[in-house]
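1. Build me a model:
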Amino acid sequence: MSSLSIFRKVAVLEGISYLLLLFVAMPLKYYADMPLAVKYTGWAHGLLFVLYAALLVLAWQEQKWKFGKAVLIFLASLLPFMPFVVDRKLKDERAL
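-> I've put the predicted structure just below:
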């Protein structure tokens, strides 16, 4: 299994964890007084974010991407829903 395929899977999981953190855990913390929701979801998201970054470096080297492309893919992890866009684009690239 290539680092790119592993990266794509982690990107999707990281995107899901980010959405859960923003739209489930944060409201639970502030509106239902459940701070542990953010603690555990945030912990999982943090771990997935670190994996995302590490696997991005491996995929960057393996795929011989330009620096700018790797930076854009990294920045995509900071915006909700963008890891799914990255996954789709990488899937489409691979098909070519």
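2. Could you find the closest non-adjacent residue to Leu90?
-> Leaving out its chain neighbours, the residue that sits closest to Leu90 by C-beta to C-beta, 6 or more residues apart in numbering is Arg8, at 5.7 Å. Glycine gets a C-beta too; all of them are placed from N, C-alpha and C.
3. Now do the contacts for the one you found.
-> Neighbouring residues of Arg8 by C-beta atoms under 8 Å, 6 or more residues apart in numbering: Asp87, Leu90, Lys91.
4. which SSE is it in?
-> Using DSSP states H and E, Arg8 sits in helix 3-20.
5. One more: Pro80?
-> Counting by DSSP H and E, Pro80 is found in no helix or strand.
6. Settle this for me: it is touching Leu19, isn't it.
-> Yes - with contacts counted by C-beta atoms under 8 Å, Pro80 reaches Leu19, the gap being 6.1 Å.
7. The top helix by length along the chain packs against which elements?
-> When the chain is scanned for its longest helix (criterion: DSSP state H), the result is helix 35-63. Judged by 3 or more C-beta pairs under 8 Å, 6 or more residues apart in numbering; DSSP states H and E, helix 35-63 is in contact with helix 3-20, helix 26-31, helix 67-76.
8. could you give the mean pLDDT of that helix?
-> Averaging pLDDT along helix 35-63 gives 97.
9. Counting neighbours, which bits of it end up buried?
-> 37-38, 41-42, 44-45, 48-49, 51-52, 55-56, 59-60, 63 (16 or more other C-beta atoms under 10 Å).
10. Among the contacts of Arg8, which are located in helices?
-> Those of these lying in helices (DSSP H): Asp87, Leu90, Lys91.
11. From Asp33, how far off is Pro27?
-> Separation of Pro27 from Asp33 (C-beta to C-beta, to the nearest Å): 11 Å.
12. which of the two has more neighbours?
-> Shown here are Pro27 and Asp33; by other C-beta atoms under 10 Å, Pro27 has more neighbours (13 against 7).
13. What score does that one have for pLDDT?
-> On the pLDDT scale, Pro27 gets 98.
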